[in-house]
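In: this is the structure alone, sequence omitted:
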């Protein structure tokens, strides 16, 4: 068997693995009850909560991650490698460990002050956003850095020599050129935030109509042996996630750079 | 006058110490040097993209080293041109005028003239991706010149071009400079490009300015052995000054056990007896003597006998290798094709060559 064919079979095998997983859900699927579960108030609440929290967490991750990614891509500063390494922390750290670390932080004196004088995070909606933010911020920064790395710094150098300020050169030249990569990053991070469970459940808990995001709703349905609801929630979550990932394939095409 | 004074930069183990660079206002200045000589560091410092340890950059008597790049009035044309791919040619051309908020009628008229000169009027609504190599070069030049910069910096813009296009753009640069009289600093390692374009050439080697001067001075009268070697000059021989005569107007220099006498202005700077030098013999100025013909008095001083070792047809001229009798050296000789045909010499033939004064150039080694 030649190398090319083997590689294609490997890709097909992986695809089948995930397809079989999804289809196995359909074994227990009852079409009639789909709408019933979907339109149930607790399901709609979970969907709304997940969409809202993931959107806020993604916007925050991009707002802070974009300048950070720019600095990592263009500037050299002391401790750059250390900062770069820490960005990968959420990728190698178990989400539950990340959530537990956040929970412990809010039990320190600084964390307690934030809770008392600022925003309540533990077992609250901001806790969901923070847990999701902690999970995706590093990834968002890393992906945006990759998008910016692909844009030659010479474009900005030329723009500045022609009279643009550093900000002007970024917004008029680098940002539009990197836009597709940045939008892809947002979609990927949003999809990851929607599916985030470990850190969220640890920091925000599993309170119905309060902190019950979709992955937590799946966990709760499974824990109470409600297989029908579990399957339908998984299908909805997979549908949202796959649609987002599929959208990246279209957005991900960059303009041809000279 | 644009001047760089005492520029010092350190990057890793590479250092530039107290570099001075003087650019002729309205001239086409070339910064020539081998790869790794520090040309890009100098260029980035002048544009304002690199911080340096010390030094001043003066434009029209004003210091600009503390100004950000956008306030220096220096346009930059990099090797890959960096045309903005998401903007049309028109938007690329207008970028500088808009960024500097200089959309006056006068500036727009200047841009219109530029578009006519560069013959890019038909490309205005197209994007850079669809342009040919030559069109891209023209648009990039137009974009850089549109805001009427005080200095145009060109960073090896012809390095990646095929020979035909390179020649076309070189001619364009010459005619554009002649009509617009902008001040240019063109950075290159290409000798031919530097010779063709540069009114004034500064040679930078290992972070040091080795020579600055008119193109003929640099190419035909190198001041240091470093410049001579970088220029690829042949017939370089380590020798010694034997005597300085006639109130310093004449030099006698050793040449493989012989002596050659030549006017002192054939040396790069004043020399004294006993000083070590490198003697350069210009291959195109060595004259092959025709047997049986009377020899002029002026040629009798420096005649060598020997054998023609190799003759190659280089298209534009004949390249020959001559071995003088009793010397363990080879001299490279360049002969115009018509001279070669008249001489009808062959390899292994015994010949005599006369080295005119014009053939000699003496370079101090210290």
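Out: Yep, that arrived. Owing to the predicted nature of the structure, the values given are computational and were not obtained by experimental measurement.
In: quick one: average pLDDT of stretch A:136-148?
Out: The pLDDT scores in stretch A:136-148 average 94.
In: cool, stretch A:35-43 as well?
Out: Here stretch A:35-43 scores 87 as its mean pLDDT.
In: how about that stretch: buried residues?
Out: Neighbour-count burial for stretch A:35-43, with 16 or more other Cβ atoms under 10 Å in any protein chain shown as criterion, is recorded at A:37, A:43. Using the backbone N, CA and C atoms, a C-beta is placed for each residue, glycine as well.
In: same check, this time on stretch B:318-328
Out: By 16+ other Cβ under 10 Å, the buried positions in stretch B:318-328 come out as B:318, B:319, B:320, B:321, B:322, B:323, B:324.
In: quickly find the element holding the fourth one.
Out: Put plainly, it is residue B:321. Using DSSP states H and E, residue B:321 sits in strand B:317-324.
In: backbone phi and psi for the residue nearest in space to the middle of chain A, please?
Out: Among the residues of chain A, the one closest to the centroid is residue A:189, at 2.7 Å (Cα atoms, centre = their mean). Per-residue torsions, residue A:189: phi -70, psi -40 (degrees, to the nearest 10).
In: strands of the stretch 101-250 of chain A, residue ranges please.
Out: Assigned by DSSP state E, counting those that start in this stretch, the stretch 101-250 of chain A shows no strands.
In: tell me which parts of it are close to chain B?
Out: A:152, A:154-155, A:157-166, A:168, A:173, A:176-177 (Cβ under 8 Å from any Cβ of the partner chain).
In: filter those residues to the buried ones?
Out: A:152, A:154-155, A:157-165, A:168, A:173, A:176-177.
In: any low-confidence regions in the stretch 1-150 of chain A?
Out: In the predicted model of the stretch 1-150 of chain A, residues A:1 satisfy pLDDT under 70.
In: same deal with chain B?
Out: For chain B (pLDDT under 70), the answer is none.
In: if we use 80, what do you get?
Out: Within chain B, the stretches with pLDDT under 80 are B:1, B:103, B:292, B:297-301, B:366.
In: in the chain, which spans are helices?
Out: Assuming you mean chain A. A:3-26, A:31-38, A:41-74, A:80-86, A:89-92, A:95-105, A:109-117, A:125-149, A:153-161, A:166-169, A:175-194, A:198-204, A:214-223, A:227-251 (DSSP state H).
In: should've been chain B
Out: Going by DSSP H, chain B shows helices at B:39-47, B:89-99, B:105-118, B:133-145, B:163-180, B:191-197, B:215-220, B:225-230, B:337-343.
In: in TSV, list these along with mean neighbour count and distance to residue A:199.
Out: Below are these laid out as TSV (neighbours: other Cβ atoms under 10 Å in any protein chain shown; distance: least, Cβ to Cβ, whole Å):
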stretch	mean neighbour count	distance to residue A:199
helix B:39-47	22	44
helix B:89-99	21	45
helix B:105-118	15	56
helix B:133-145	22	49
helix B:163-180	15	57
helix B:191-197	17	60
helix B:215-220	17	67
helix B:225-230	19	62
helix B:337-343	13	82
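In: for chain A, find the nearest of those helices.
Out: Across the helices of chain B, chain A has its closest neighbour in helix B:89-99 (3.5 Å, Cβ to the nearest Cβ).
In: now do the contacts for residue B:45.
Out: Counting by Cβ atoms under 8 Å, 6 or more residues apart in numbering or on different chains, residue B:45 touches B:4, B:7, B:9, B:52, B:55, B:57.
In: repeat that for residue B:267.
Out: Neighbours of residue B:267 in contact, by Cβ under 8 Å, 6+ apart: B:251, B:277, B:361, B:362, B:363, B:364.
In: that one and residue A:4: what is the separation?
Out: 69 Å (Cβ to Cβ, to the nearest Å).
In: which positions in chain B make contact with chain A?
Out: So chain B meets chain A at B:47-49, B:68-70, B:72, B:74-78, B:80-86, B:95-96, B:99-100, B:128-129, B:136, B:143-144, B:147, B:149, B:153 (Cβ under 8 Å from any Cβ).
In: these in strands, which ones?
Out: Using DSSP state E, the members of the residues of chain B next to chain A that fall in strands are B:74, B:75, B:76, B:77, B:153.
In: what about residue 19, neighbour count?
Out: Here I'm looking at chain A. Residue A:19: 11 surrounding residues under other Cβ atoms under 10 Å in any protein chain shown.
In: that's the other chain; I wanted chain B
Out: Count around residue B:19 with other Cβ under 10 Å applied: 22.
In: tell me which residues touch it, please.
Out: B:4, B:6, B:7, B:8, B:38, B:42, B:55, B:204, B:207, B:208, B:209.
In: before we move on, the earlier item: greatest separation within the ones in strands among the residues of chain B next to chain A: which pair is it?
Out: B:74 and B:77 (10.7 Å; Cβ to Cβ).
In: the more surrounded of these two?
Out: Remark: of residue B:74 and residue B:77, residue B:74 carries more neighbours, 27 against 23, as counted by other Cβ under 10 Å.
In: surely the more buried one touches residue B:151?
Out: Yes. Contact criterion Cβ atoms under 8 Å: residue B:74 and residue B:151 qualify, at 4.6 Å.
In: pLDDT weak spots in the stretch 151-258 of chain A?
Out: Looking along the stretch 151-258 of chain A with the criterion set at pLDDT under 80, you get A:250-258.
In: could you rerun that using 90?
Out: Applying pLDDT under 90 to the stretch 151-258 of chain A flags the ranges A:205-208, A:226-229, A:231-232, A:235, A:241-242, A:244-258.
In: quick one on the thing from earlier: the contacts of residue B:45 in strands, which ones?
Out: Here DSSP E is the test, and these give B:4, B:7, B:9, B:55, B:57 as lying in strands.
In: list the contacts of the third one.
Out: Going by Cβ under 8 Å, 6+ apart, residue B:9 touches B:15, B:16, B:38, B:41, B:42, B:45, B:50, B:52, B:53.
In: tally of neighbours for the last one?
Out: When counting by other Cβ under 10 Å, one arrives at 12 neighbours for residue B:53.
In: again, but for the third one
Out: Here the number of neighbours of residue B:38 (other Cβ under 10 Å) works out to 23.
In: list phi and psi for it.
Out: Per degrees, to the nearest 10, the backbone of residue B:38 is at phi 100, psi 10.
In: that one and residue B:309, how far apart?
Out: 40 Å.
In: show me how chain B divides into domains.
Out: Using automatic domain parsing, the domain ranges for chain B come out as B:2-228, B:234-366.
In: that older thread, select only the buried ones of the residues of chain B next to chain A in PyMOL?
Out: To isolate the buried members of the residues of chain B next to chain A in PyMOL, using 16+ other Cβ under 10 Å:
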select buried, chain B and resi 47+48+49+69+70+72+74+75+76+77+78+80+81+82+83+84+85+86+95+96+99+100+128+136+143+144+147+149+153
